[in-house]
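Trainee: The following comprises the amino acid sequence and a computationally predicted model.
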Amino acid sequence: MEASLLAQVTQNLLSLFRDPKDYKIAQEAAQIVADQVRTLVARSRGPELLTIMRADPYARIMSIVDHYQRDTTNMPPQRESLIDCLRGEIPDLMEARAKRLSEEASTLPPTHFLVLGLLTALNIIGFSAATLSVCDENGQPPNESSI
């Protein structure tokens, strides 16, 4: 979901900044997208969270769009429409990222811990029962069982 939204945002950004005078802005926005793709592909959740805390890439893209809209006069309706689309897509992108990070952070269900606890208890009981059956006449287990 996040990747498809990021692709749509990238397409809209490139359409918005297609004029030669906007290439510097387009390059900055495309670099942010490229860094985010690299993060999605090659990094774990921890470094991604640190990147978000330092400088959220999606908020930076939104800031670029805001500055562009503020600094541009006599904007054609098509660009206004692209900016409106980006203003709707970027929050959706942030929400998809939050959902993905939340799912990655979710722990094992309580049933897993119950099963692990029961298996541990059975292992201790089985070891104790096996040890008791090989005790000598004084009730002492052999030295091998004291590992």
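Mentor: Cool, the structure landed.
Trainee: biggest helix in the chain by residues?
Mentor: Determined from DSSP state H, the single longest helix within the chain is helix 77-105.
Trainee: Which strands or helices does the helix or strand bottoming out on mean pLDDT in the chain pack on?
Mentor: Sorting the helices and strands of the chain by mean pLDDT, DSSP states H and E puts helix 110-132 at the bottom, at a mean of 85. Based on contacts counted as 3 or more C-beta pairs under 8 Å, 6 or more residues apart in numbering; DSSP states H and E, there is no element that helix 110-132 packs against. C-beta: built from backbone N, CA, C; applies to glycine.
Trainee: For that helix, buried residues please.
Mentor: In terms of neighbour count (16 or more other C-beta atoms under 10 Å), helix 110-132 has no buried residues at all.
Trainee: which stretches of the chain have low pLDDT?
Mentor: Residues of the chain that meet the criterion pLDDT under 70 lie in 107-108, 131-133, 145-147.
Trainee: residue nearest the centroid of it?
Mentor: Of all residues in the chain, the one closest to the mean position by C-alpha atoms, centre = their mean is Leu101, 3.5 Å from it.
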